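Participant: What follows is a predicted structure for the sequence shown.
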Amino acid sequence: MENSQAPQGRTDDRSETPSVVQQGMIFDSARGTAVKLLSRYESSDSYIDKLLEAELRRSELPAADRALVTELVNGCVRWQTRLDWILTGFYHGEFTKCLPIVKNALRIALYQMMFLSKIPPPAAINESVELVKRLKGERHAGIVNGVLRNVLRNIQNIRYPAKEENIVLHYSVLYSHPQWMVRRYLERFGEEQTDALLAANNFRPMLTLRVNTFKATMETVEAALREAEIKYEVSPIHPTSVQIASFRDIRSTPLFTEGLVTIQDASASLAVRLANPQPGMTVYDLCAAPGGKAIHAAELMKNTGTVIALEKYESKLHLIVENAQRAGVSIVQPLHGDAREFEPGAQADLVLVDAPCSGMGTLSKKPDIKWRRSLDDIRQMARMQATILNHAAAMVAAGGALVYSTCTIELEENVSVVKDFLDRHPDFSLDDASAYVDASVVVDGTIQTFPHIHHSDGAFAARLIRARA
């Protein structure tokens, strides 16, 4: 059957609005915290990972509840369009105009009903009803109860927009992506690949650990993971990276604290492999924080040479210092500066430009990016990227390499930026990436990874060589 409408529920409201202190106590539960964060996210321009990080840092919730908060918040943001499509069909009135607390209590209950098999639907419903009752009174709680129980009765018969009538709307609702994005993917990749890409964007992300080959071996790390009973998979595209799905805080394990591994996506590690840093080189990393690529380069250089890690935001320099110390490398030199203005005293053998980008290859990890970004953002990013890359050209010594990388799959930010750069700088040429990494990640001489194909972030990297004098 089609989505039906829910009863209004009780019309009396005998509960008084709780005081600020009482509301704070109500929000202290896992589901209350999730509703609070989702409501705050909707009313601000903050990214959800920053809100989550700040909230959990000051929270006294036990580990299991912290994991549930993270799951509920990211899940509701990830599946927002599908959740709202269903709730709009069952809500009596305009769902988008209901109180934020009510709206998000409905979303978290429906998310649990649809995606979390270990939580019985009646329990999910009751938690949201009680939360709304204590915050907004009986009338609103009755509405929430009526809507959710009506959804539960009809959940197997919910219908989504028909593909035959509107393919863009169909995929937009089914996979919870904005229509402009779906339309672009269909035009570029076709229906089959778009279906797979949208699905991959909604996977719960795995955590990727790169082995620090300066201090450990792959065998050592795998043995430690097995001993700790942490399930893992070797990355299909980077042989010294492993992926884990465990909710356990890897940062508390000796593997991490002793610097044997670092958290870095396999696609980012590939960009450093493409750069091919060698012992004794002078390397500039122009957009460095938190230092992953600079530190990886130093490891491959066997801690011999110089790596200047430039970072625009001075407050982030400590991250580079801490990560370098943990990795056991001393040649990384953090420096405060803007990549568009940096004027080094000498040219480098290798310049890394891990450019600020739209992040459109990281939607699995950062689901709110798809709601926060627009086509105009992508175009503005491309202009900034071109400015940084063109400025970086003068820093490369004759015969040296300039590596440009992003964590986006958008052509305007990747291929187009490189093509424009080569048109402007005839003394540079594209160095075929297949000489440095596996051919499975190489397209037209550049690294291009996609979530649904490579089980990594969607990313891009190109190696550009300056002609010898």
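Facilitator: That came through, no problem.
Participant: show me where the stretch 1-150 of the chain has helices.
Facilitator: Shown for the stretch 1-150 of the chain, the helices assigned by DSSP state H, counting those that start in this stretch span residues 20-26, 30-42, 48-58, 63-78, 80-90, 100-115, 121-136, 138-154.
Participant: which of those sits most buried?
Facilitator: Of those, the one with the most neighbours on average (mean count of other Cβ atoms under 10 Å) is helix 100-115, at a mean of 24. No exception for glycine: its C-beta is placed from N, CA and C like everyone else's.
Participant: Would you mind pulling up the elements that it packs against?
Facilitator: helix 30-42, helix 63-78, helix 80-90, helix 121-136, helix 138-154 (3 or more Cβ pairs under 8 Å, 6 or more residues apart in numbering; DSSP states H and E).
Participant: I'd like the distance from it to the chain centre, please.
Facilitator: Per Cα atoms, centre = their mean, to the nearest Å, the displacement of helix 100-115 from the mean C-alpha position of its chain is 22 Å.
Participant: In three-state terms, label T304 for me.
Facilitator: Of the three states, T304 takes coil according to DSSP: H, G, I helix; E, B strand; the rest coil.
Participant: what's near enough to touch it?
Facilitator: P279, G280, I331 (Cβ atoms under 8 Å, 6 or more residues apart in numbering).
Participant: what do you get for T240?
Facilitator: T240 is in contact with R210, V211, T213, M218, S269, counting by Cβ under 8 Å, 6+ apart.
Participant: Could you dump these into CSV and include distance to A394, neighbour count and pLDDT?
Facilitator: Conversion of the contacts of T240 to CSV gives the following (distance: Cβ to Cβ, whole Å; neighbours: other Cβ atoms under 10 Å; pLDDT from 0 to 100):
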residue, distance to A394, neighbour count, pLDDT
R210, 31, 24, 97
V211, 35, 24, 98
T213, 32, 15, 95
M218, 39, 14, 97
S269, 28, 25, 98
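Participant: Point out the ones among the residues you listed that are inside helices.
Facilitator: M218, S269 (DSSP state H).
Participant: before we move on, back to that, nearest to I447, out of the helices and strands packed on helix 100-115?
Facilitator: helix 63-78 (26.5 Å; Cβ to Cβ).
Participant: List just the nearest of the contacts of T240 to L52.
Facilitator: R210 (23.8 Å).
Participant: Can you pull the phi and psi angles for the residue nearest to the closest one when sequence neighbours are not counted?
Facilitator: Using Cβ to Cβ, 6 or more residues apart in numbering and skipping residues adjacent in sequence, the residue nearest R210 is Q264, 4.4 Å away. Note on Q264: its backbone torsions stand at phi -160, psi 130 [degrees, to the nearest 10].
Participant: you'd agree Q264 is up against L207?
Facilitator: No: Q264 is beyond contact range of L207, at 10.2 Å (criterion: Cβ atoms under 8 Å).
Participant: can I see the domain layout of this protein?
Facilitator: As recorded under automatic domain parsing, the domains making up the chain are 20-157, 167-201, 266-466.
Participant: Would you tell me which helix is longest in this structure?
Facilitator: Ranking each helix of the chain by length (DSSP H) puts helix 179-201 first.
Participant: Mind listing what's buried along it?
Facilitator: For helix 179-201, the buried set under the neighbour-count rule, 16 or more other Cβ atoms under 10 Å, comprises 181-186, 189, 194-195, 197-198, 200-201.
Participant: likewise stretch 407-426?
Facilitator: Within stretch 407-426, judged by 16+ other Cβ under 10 Å, the buried ones are 407-415, 417-418, 421, 425.
Participant: Quick check: bridge partners of the nearest residue to A275 once chain neighbours are set aside?
Facilitator: Distance criterion Cβ to Cβ, 6+ apart; nearest residue to A275, sequence neighbours excluded, is V403 at 4.4 Å. The partner list for V403 in beta bridges (DSSP bridges) reads L352, R463.
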